[in-house]
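Asks: below is the sequence, then the predicted model.
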Amino acid sequence: MTIHTTHPFADADPDPARRFRSHVSGAVTLWTSGDDVERAGLTVTSLMVALGPEPTVLALLDPDSDLLEVLRETGTAVVQLLSWPDRQLAEAFAGTAPAPGGPFRQSAFVDTDHGPRLASSATWAGVRLAGEREVGWSVEVAAVLEHVEVGETDDPLLHRRGRFHHHQA
């Protein structure tokens, strides 16, 4: 057994992929892909971050989702962590709440090299699609972390047992 002197999920860790992973557990993420012509997004909670030479996000996506189609076309996406005030946006992108004009009209988004990013998201990653496979009723995508921003997330939106929760730091 190896005993480390540092906490494996400490925010002070200089590795951006490790810091991003520390914020993901139980978090509600919004995956977005596309450009001004075609955009798609999906609320995703089934994901994990695998560390290594090419840190990778593994996520389970709906095989019929517009997001998967646009992700396959562009090869890139933005994975952003949502906060408690974003719960209505999470529902809109999940297709479980009305979104007049579409879910991208419900909040401000900023264009990035990887796709549209929620302007208010403090913690997000730009990813590149590396592979996919069918798993159960989902498609597991492997997306390499190419850009990571880890900011203050004082009130993350969490999803457990079919409900949204929040935990203030």
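Replies: Right, received. Where do you want to start? This structure is a prediction, so every number in the text was calculated from the model and none was measured.

Asks: just the helices in this protein please.
Replies: Taking DSSP state H as the criterion, the chain carries its helices at 16-24, 66-74, 87-94.

Asks: who's residue 148 bridged to?
Replies: Beta-bridge partners of residue 148, counted by DSSP bridges, are residue 125.

Asks: count of neighbours near it?
Replies: 20 (other C-beta atoms under 10 Å). The way it works is simple: take the backbone N, C-alpha and C, and place the C-beta from them, glycine included.

Asks: same question, residue 71
Replies: Residues near residue 71, counting by other C-beta under 10 Å: 27.

Asks: ok, residue 140 next?
Replies: Per other C-beta under 10 Å, the neighbour tally for residue 140 reads 16.

Asks: correct me, but it touches residue 60?
Replies: Yes. In this structure, residue 140 is within contact of residue 60 by C-beta atoms under 8 Å, at 5.7 Å.

Asks: and the spatially most central residue of the chain, what does it touch?
Replies: By C-alpha atoms, centre = their mean, the chain has its centre lying nearest to residue 79, at 3.0 Å. By C-beta atoms under 8 Å, 6 or more residues apart in numbering, the residues touching residue 79 are 29-31, 44, 47, 57, 59, 124-125, 127, 143.

Asks: need the contact partners of stretch 57-72.
Replies: Stretch 57-72 is contacted from outside by 31-34, 38-42, 44, 46-50, 77, 79, 125, 127, 129, 132, 134-143, 145, using C-beta under 8 Å, 6+ apart.

Asks: distance of the residue nearest to residue 132 when sequence neighbours are not counted relative to residue 76?
Replies: Using C-beta to C-beta, 6 or more residues apart in numbering and skipping residues adjacent in sequence, the residue nearest residue 132 is residue 141, 4.8 Å away. Going from residue 141 to residue 76 by C-beta to C-beta, to the nearest Å gives 12 Å.

Asks: and residue 155, what pLDDT?
Replies: Per-residue confidence (pLDDT) for residue 155: 83.

Asks: least reliable of the helices of the chain going by mean pLDDT?
Replies: For the helices of the chain, mean pLDDT drops lowest on helix 16-24, to a mean of 67.

Asks: which intervals of the chain have sub-threshold pLDDT?
Replies: Residue ranges of the chain with pLDDT under 70: 1-14, 20-25, 160-162, 167-169.

Asks: where along the protein do the strands fall?
Replies: Ranges of strands within the chain are 29-34, 39-44, 47-50, 56-61, 76-81, 109-112, 115-118, 124-135, 138-149, 157-160, 163-166, based on DSSP state E.

Asks: quick one: closest of those to residue 95.
Replies: strand 39-44 (8.6 Å; C-beta to C-beta).
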